[in-house]
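Novice: Show me how the following folds:
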Amino acid sequence: MDFLTLLQVLDTTVRLATPLLFACLAGLYSERAGIFDIGLEGKMLIAAFFSGALAAISGSVWIGLLAGVGASLALSIVHGLASITFRGNQLISGVAINFLAAGLTVLIAQDWFQQGGRTPSLTGDARFNPIELPFAEATAEVPWAGPIYSELISGHSILVYIGFLT
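Specialist: Sure thing, here's the model as predicted:
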């Protein structure tokens, strides 16, 4: 594997690991609060669906982001209500959230979009645009350091950089 292929693999890894990083942070906070949150996968799924669906409907990535956060927050409230208020088993509640999200996303997507349970592809303002950092093009030709800066560090969406900061 040559250097440029390795950079492409690392670039893809950083981009695709960002949602997992945010889910890990959510799990960390819930664990610190005393809740064992096995339903993180369901919350990620419902957030991904509603953010994609509302971004496709509205054409705004920010409305989609707020919808995803809101949908995940709603399931978190259900999990907290079942676990804390009703003193239910946290493991059972989390698994139920995973099953609920897996079923609801497909059913709602089929009803809204009639595409076999999928959301439409996002284009234009419904997607986060990559942010090119300063001097990314100018440093691209510098051996070793240039491609790392221009290919690996620059060119991600704002969510990746927020993930780096957290």
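Novice: which residue packs closest to residue 69, ignoring adjacent ones?
Specialist: Take residue 69 and drop its neighbours on the chain: the residue closest to it by C-beta to C-beta, 6 or more residues apart in numbering is residue 47, 6.8 Å away. Just so you know, the C-beta spots here come from the backbone N, C-alpha and C atoms, and that holds for glycine as well.
Novice: Report pLDDT for that neighbour.
Specialist: Predicted confidence (pLDDT) at residue 47: the value is 97.
Novice: List the buried residues for the helix or strand of the chain with the lowest mean pLDDT?
Specialist: Here the helix or strand of the chain ranked lowest by mean pLDDT, DSSP states H and E is helix 145-147, holding a mean of 83. For helix 145-147, a neighbour-count test (16 or more other C-beta atoms under 10 Å) marks 146-147 as buried.
Novice: immediately after it, which helix or strand?
Specialist: Elements were assigned by DSSP states H and E; along the chain past helix 145-147, the next helix or strand is helix 158-165.
Novice: Residue nearest the middle of this protein, spatially speaking?
Specialist: Closest residue to the average C-alpha location of the chain: residue 19 at 3.5 Å, with C-alpha atoms, centre = their mean.
Novice: picking up where we left off before, name the helices or strands packed onto the helix or strand the residue nearest to residue 69 falls within?
Specialist: Assessed by DSSP H and E, residue 47 sits inside helix 40-58. Where contact means 3 or more C-beta pairs under 8 Å, 6 or more residues apart in numbering; DSSP states H and E, helix 40-58 is packed against helix 3-32, helix 61-80, helix 90-113.
Novice: can you pull the contacts of the residue nearest to residue 69?
Specialist: By C-beta atoms under 8 Å, 6 or more residues apart in numbering, the contact set of residue 47 is 68-69, 71-72.
Novice: right, and out of those, which lies closest to residue 110?
Specialist: Closest approach to residue 110 among the contacts of residue 47 (C-beta to C-beta): residue 71, at 17.2 Å.
Novice: In space, what's closest to residue 36 - neighbours in sequence excluded?
Specialist: Once flanking residues are discounted, residue 36 sits nearest to residue 90: 4.5 Å by C-beta to C-beta, 6+ apart.
Novice: and that neighbour, what does it touch?
Specialist: The contact partners of residue 90, by C-beta under 8 Å, 6+ apart, come to 35-38, 79, 83.
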